[in-house]
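Chemist: Everything below, folded, please.
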Amino acid sequence: MLTELRGLTSEQVAQRVAAGQVNTLPSRSGRSTWDIVRSNVFTRVNGILFVLLCLVLITGNILQGAFGLLIIANSIVGIVQELRAKRTLDNLAVVGEAHPIVLRDGERRSITRDEVVLDDLIAIAPGDQIVVDGAVVAADYLEVDESLLTGEADPVAKHPGDPVLSGAYVIAGTGTYRAEKVGADAYAAQLTEQAAKFTLVSSELRQGINKILRLISFLLFPVGALAIYVQFNQPGSTWQESVLRMVAVLVPMVPEGLVLLTSMAFALGVIRLGRRNCLVNELPAIEGLARVSVVCADKTGTLTQNAMTLGEIIDLDADPARTRLVLSHLVAADPAPNASMQAIAEAIAPAEEPWPMVARAPFTSAKKWSGISFDNSHGHWVLGAPDVLAGGGRIARQAEEIGATGRRVLLLAQAQRRVDSPDAPGPLSPIALLVLDQLMRPDAAETMGFFQEQGVELKVISGDNAASVGAVTRSLGVKIGDVVDARSLPAPGDEFNKIMDDADVFGRVTPEQKRQMVHALQARGHSVAMTGDGVNDVLALKDADLGVAMGSGSAATRAVAQIVLLDDKFATLPHVVAEGRRVIGNVERVAKLFLTKTIYAITLALVIGLMGLPNPFLPLQMTVVGWFTIGIPAFLLSLAPNRERARPGFVWRTLAVAIPCGLIVAGVAITTYVVTRGFGHVAQADQEKASTATLIALILTATWVLAIVARPYQWWRVGLVAFAYAFYFLVFALPAARAPLGLDVSNTQEITFGIIAGVIGMALVELTWWVTLWIRKERPRLWAQRKAAIP
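Modeler: As a prediction, this is how the structure comes out:
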């Protein structure tokens, strides 16, 4: 039937392209260049800083407006990283996306999805995704899975005239459909926009940061209003001085680099993984794999290579020549051979004069067999799993023994009724066992060993014979318990969930059972990653916390997976884990630094405001402290490798450090300021001396917060802390540096008090660190004791 269809001519295609009837879809990364520029320039933080900068410039003191450089720095860094990530996503998505086969000028051509035009005839086979909306014009036992659209898992038979929607995928048979809706009119446009979008939503890390920022925002407005009132009501102060001190209060309250560095960490993750041919369809997937507690791996295509070879034919009381003759005609009659049939075809050439075919039953993962009915003189033949077709007899036991060595076994049998009968295949006459050899992925053993070392559970889930799956898993050096035949599993429920928790290897699993297994593990509190490459993995990939597809797998699996390994290297997954840990661990470090600054700034503003004192600092002083204690160190820390295992409790751990450390920094600064300055109105020279001592106390304490956050120490982290202290020493020691910052170190007593207060602050921060560590270690035990004590 397909050969009778010629499709559009080149002239007709050109006419439709000229008319704009092309499948033009949104950017694969979901955002245009202008969107990225706009979202990084016109931010709330940049808006606040810009208003404050304008106020400083009005005073005529341009140098005090140096914090305005943060607007430029934030924008440039954010734009550059996101554009690099966008380019990486776009380039990799072209490789990983579906390439439909169209009929044009009577020829089959592989094109990109963007080149499909209205009225194109598109050929489809098992594993292909429907890329545009259309109507079927030819169908050969075509079955389509529309679960991604409707949620219904049962396949839908399609006949000529039936509609098909983009987002569905073929699970059996072949066919051709006509493109009726392209571009933005098709469901594919929405699918692309959502599945391959450069986004930071649905991220546990981002949700934690947003929760923290919401808490802080409730404090910013009343404290900021108090600071403004107090600074403009200082006796003897000019309006210019009041503006500068007001700005110096407000600028450090804004955690200006936290969101930027979080976005940058994710974007850098996309770029780094892109270099390993790993396509990240959704950015939260980078942190997702670092958090998973269970990895469910499909055997075929994940642990083993897709390619197989026909190793042996075991004849069962039949003529060997007849067996090979039948196989040659089965090969010739299959228009879309799967991996098993391709292995047979490599060993047995298709018949030159195929027998007339009257019926065909394509292979599906649910029924585990395929079959073809020829005319009356050549009979009905089925090929599939021996334990499904032969039941529990001698042949099934023989196949089980072979399968226990890790090889795949198929049964060739002759049926007594047509293969498309409702009760097919019916009684069978076994003809031969076909033994297929599977090649292990060279990186599978190492990768699975890595996950076991990291305490991540492994579940091997396959539609193959259970004994074969167990043998393959053991050959990789993985320690497993009993192997479970999924046909013996109870219905989903408590017993089902317990079996999923206890067992490690499952065979003869249907696509719907794979999805149920994912749900069962999630119900037990696990974060589940699912790897797969075939159509039978789509449902489980979609429902898992993290879906990982192989680049050589079906277009449907690549479309629903959050991560696609374009070069099929299973060994890339440890690098994804490492990248996720880098993002999570480093953003947590960065958050502790920025939130400590925000908390001490809010506390200073509140207490100093209630005391009615002028703010001790100028904008330039706070800018220098912000850059060299927080900004630059945080930037470097966010880029560094981090192998700490991801743990829940990001918000608690961050605030457990930031709140006490922020209060200590503020307490030390306030004490120094009040002792060295006193209350009431003082001369400008005395104000500068007190502010200098206060700044010394604040810098010593705040920089030690950097010292504890940078742990565990490496040489460059020690150097980072040492550089900060050395830089500040030079700032206070060199007259050329003191003058623009308005520093006065002439009062030895006040400077000494500031140093002593700073050292005390450092000791308190260090004590807080050790107390936090103890609580983190003891809290689970104390919580368990408390629960046990509750009647």
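Chemist: ranges for the helices of the stretch 401-550 of the chain?
Modeler: Assigned by DSSP state H, counting those that start in this stretch, the stretch 401-550 of the chain shows helices spanning 444-453, 466-475, 494-502, 511-523, 538-543.
Chemist: Any buried residues in the longest one, and which?
Modeler: If I follow you right, that is helix 511-523. For helix 511-523, the neighbour count (16 or more other Cβ atoms under 10 Å) marks 511-522 as buried. C-beta coordinates here come from the backbone N, C-alpha and C atoms, glycine included.
Chemist: Out of the helices of the stretch 401-550 of the chain, which one sits most buried?
Modeler: helix 538-543 (a mean of 25; mean count of other Cβ atoms under 10 Å).
Chemist: What helices and strands are in contact with that helix?
Modeler: If contacts are counted by 3 or more Cβ pairs under 8 Å, 6 or more residues apart in numbering; DSSP states H and E, helix 538-543 sits against helix 147-150, helix 511-523, strand 528-532, strand 546-550, helix 555-560.
Chemist: By mean pLDDT, show me the worst of those.
Modeler: Among the helices and strands packed on helix 538-543, helix 147-150 carries the lowest mean pLDDT, a mean of 65.
Chemist: which stretches of the stretch 401-550 of the chain aren't confidently modelled?
Modeler: Along the stretch 401-550 of the chain, no part satisfies pLDDT under 70.
Chemist: packing partners for the host helix or strand of Ile696?
Modeler: Element membership for Ile696 (DSSP states H and E) is helix 684-709. Packing contacts for helix 684-709, counted by 3+ Cβ pairs under 8 Å, 6+ apart, involve helix 572-611, helix 619-625, helix 650-677, helix 715-733, helix 748-789.
Chemist: For it, give the mean pLDDT please.
Modeler: 90.
Chemist: between it and helix 650-677, how many degrees?
Modeler: 150 degrees (axes from the mean of the first three to the mean of the last three Cα atoms, to 10 degrees).
Chemist: What are the buried residues along stretch 637-656?
Modeler: 637-638, 642, 646, 650-651, 653-656.
Chemist: Kindly reformat the residues you listed as JSON lines containing distance to Ile755.
Modeler: Converted to JSON lines, those look like this (distance: Cβ to Cβ, whole Å):
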{"residue": "Leu637", "distance to Ile755": "27"}
{"residue": "Ser638", "distance to Ile755": "31"}
{"residue": "Asn642", "distance to Ile755": "34"}
{"residue": "Ala646", "distance to Ile755": "40"}
{"residue": "Phe650", "distance to Ile755": "35"}
{"residue": "Val651", "distance to Ile755": "35"}
{"residue": "Arg653", "distance to Ile755": "31"}
{"residue": "Thr654", "distance to Ile755": "30"}
{"residue": "Leu655", "distance to Ile755": "29"}
{"residue": "Ala656", "distance to Ile755": "28"}
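Chemist: Can you check what pLDDT the model gives the closest residue to Pro320 other than its chain neighbours?
Modeler: Of all residues not flanking Pro320 in the chain, Ile313 sits nearest, at 7.4 Å (Cβ to Cβ, 6 or more residues apart in numbering). We note a pLDDT of 92 for Ile313 in this prediction.
Chemist: Can you tell me the SS state at Ala297?
Modeler: State at Ala297, reduced to three classes by DSSP: H, G, I helix; E, B strand; the rest coil: strand.
Chemist: what residue of the chain is the furthest out?
Modeler: Distance to the chain centre peaks in the chain at Ala683, reaching 58.3 Å (criterion: Cα atoms, centre = their mean).
Chemist: ok, that residue to Leu489 distance?
Modeler: For Ala683, the distance to Leu489 equals 84 Å [Cβ to Cβ, to the nearest Å].
Chemist: ditto for Phe570
Modeler: In terms of Cβ to Cβ, Phe570 sits 27 Å off from Leu489.
Chemist: And Ala424, by the same measure?
Modeler: As judged by Cβ to Cβ, Ala424 and Leu489 stand 25 Å apart.
Chemist: now the buried residues of helix 511-523 in TSV, with distance to Gln207?
Modeler: Below are these laid out as TSV (distance: Cβ to Cβ, whole Å):
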residue	distance to Gln207
Pro511	32
Glu512	31
Gln513	32
Lys514	29
Arg515	26
Gln516	28
Met517	27
Val518	22
His519	23
Ala520	26
Leu521	22
Gln522	18
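Chemist: just the residues you listed now: which is nearest Phe221?
Modeler: Gln522 (40.5 Å; Cβ to Cβ).
Chemist: quick one, what contacts that closest one?
Modeler: 528, 545 (Cβ atoms under 8 Å, 6 or more residues apart in numbering).
Chemist: I figured Gln687 hits Pro614, correct?
Modeler: Yes. With contact defined as Cβ atoms under 8 Å, Gln687 counts as touching Pro614 (7.1 Å).
Chemist: just to revisit the earlier point, let me know which of the helices and strands packed on helix 538-543 is the nearest to Thr752.
Modeler: Nearest of these (Cβ to Cβ): strand 546-550, 56.6 Å.
Chemist: Between strand 528-532 and the closest one, find me the angle.
Modeler: Using the same axes, to 10 degrees, strand 546-550 lies at 20 degrees relative to strand 528-532.
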